[in-house]
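# Could you work out the structure for the sequence below:
(one chain, ligands or ions: 1)
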Amino acid sequence: MEFSENALVLKVGRFKEADMWVRFFTPTRGVLTAFAFGGCKSRRRFCGCLDALNQVRFRVKSNRAGTYLCLMEGSLLKTPAMLRQDTTRMGLMANCIKFVEAAFRGPDGANTIHGLLVDALDVLDGEQEVSNAFPMLFRAKMLCELGFGPNLQDCCVCGAKLDTVAAPQFLISEGRLTCGHCRGRSSGNSLSVSAGALKTLDFIRSRGPEQWRRLALDPPVRREFAEMVDSAITYHLGLNWDRGAFRRV
Ligand SMILES: [Zn+2]
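Alright, predicted model coming up:
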């Protein structure tokens, strides 16, 4: 098997003297890992390509038995202008990438998630202000892009419009929203979510990272929103953020 594809480099590592492994995200195949034999030395085949956060075009070939992939050559399409000099922003980007690696099974939806990653990279590499809530907003957006965003309009039990009811609740054991009345009939734990938290998720669902700076997040709304998003991620994807990594629960 052999193919050429555009890719965003997620991680690189060295092994042996001159060889490297490269993990990258492509719009049709999702996350792949391949070896670049001689990658540390071959400037001709990989000129400037083999660094995390580069956007590249790779020619990839599998070994004869089909058990691993090799990078044959690459050409650099785009590299971050400023991001690598900003450790805070590098941390925000790393957090987004960790979530993609943990949550994305693909290849279905790879094109959408590739676009989201590239958009996030563009924002973090740009000059506009970026909130430290960026990775949390990214998780919310990805949850929606994967089709797991909760119905924000209606109570999942009685169908009442959530923007007309008092005290909407997010049911942790069901990953859905109810009105306060129906929540009383459910036995599981729930989270209170204000209209502000619901509007925030609606905003993120319909807009890309380049518009997230327009979002003003009051601390209580931010907390409710984050709790709802992380509960939904645990419910739908079985992941919890724990000591710097997303772990299966
Ligand atoms: Zn209801």
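# now what about the longest strand seen in the chain, what contacts it?
For the chain, the strand reaching the highest residue count under DSSP state E is reported as strand 2-15. For strand 2-15, contacts defined as CB atoms under 8 Å, 6 or more residues apart in numbering pick out 20-29, 31-32, 40, 49-62, 72, 77, 97, 100-101, 114, 117-118, 121. For glycine as for every other residue, the C-beta is placed from the backbone atoms N, C-alpha and C.
# what's near enough to touch the closest residue to N189 other than its chain neighbours?
Distances taken as CB to CB, 6 or more residues apart in numbering put I172 closest to N189, at 4.8 Å, once the chain neighbours are dropped. With contact taken as CB under 8 Å, 6+ apart, I172 is in contact with 188-191, 231, 234-235.
# thinking again about what came up before, report the buried members of the contacts of strand 2-15.
20-27, 29, 31-32, 40, 49-50, 52-56, 58, 60, 72, 97, 100, 114, 117-118, 121 (16 or more other CB atoms under 10 Å).
# now, which of these lie close to the ion?
The subset of those within reach of the ion, by CB under 5 Å from the ion, is empty.
# which ones among these are found in strands?
In strands, defined here by DSSP E, the members of those are 20-26, 31-32, 55-56, 58, 60, 72.
# Closest one to M1 out of those residues, please.
Comparing those against M1 with CB to CB places V60 closest, at 8.3 Å.
# doesn't E73 make contact with the closest one?
No. Contact criterion CB atoms under 8 Å: V60 and E73 do not qualify, at 9.5 Å.
# What would stretch 225-233 look like as PDB? C-alpha coordinates only.
Provided in PDB are the C-alpha atoms of stretch 225-233 (Å, rounded to 0.1, in the frame of the first residue of the first chain):
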ATOM      1  CA  PHE A 225     -20.200  24.600  31.300                       C
ATOM      2  CA  ALA A 226     -16.900  22.700  32.000                       C
ATOM      3  CA  GLU A 227     -18.700  20.200  34.300                       C
ATOM      4  CA  MET A 228     -21.300  19.500  31.800                       C
ATOM      5  CA  VAL A 229     -18.800  19.000  28.900                       C
ATOM      6  CA  ASP A 230     -16.500  16.800  31.000                       C
ATOM      7  CA  SER A 231     -19.500  14.700  32.200                       C
ATOM      8  CA  ALA A 232     -20.700  14.300  28.700                       C
ATOM      9  CA  ILE A 233     -17.200  13.200  27.600                       C
END
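# Select the longest helix from the chain.
helix 219-237 (DSSP state H).
# That one: which residues count as buried?
Buried, per 16+ other CB under 10 Å, within helix 219-237: 221-222, 224-233, 235-237.
# Distance check, the residue nearest the centre of the chain against T88.
For the chain, V100 is the residue whose C-alpha lies nearest the centre (CA atoms, centre = their mean; 4.2 Å). Distance of V100 to T88, given as CB to CB, to the nearest Å: 20 Å.
# Need the contact partners of the lowest-mean-pLDDT helix or strand in the chain.
Here the helix or strand of the chain ranked lowest by mean pLDDT, DSSP states H and E is helix 43-46, holding a mean of 82. With contacts defined as CB under 8 Å, 6+ apart, helix 43-46 is touched by 36, 38-39, 71-74.
# for the record, mean pLDDT for stretch 120-138?
Across stretch 120-138, pLDDT averages out at 94.
# And the furthest pair within the contacts of helix 43-46?
G38 and G74 (12.5 Å).
# So these two - more neighbours on which side?
Neighbours around G38 and G74, counted as other CB atoms under 10 Å, are more numerous at G74. The numbers are 26 against 14.
# Quick check: closest non-adjacent residue to the more buried one.
C49 (3.7 Å).
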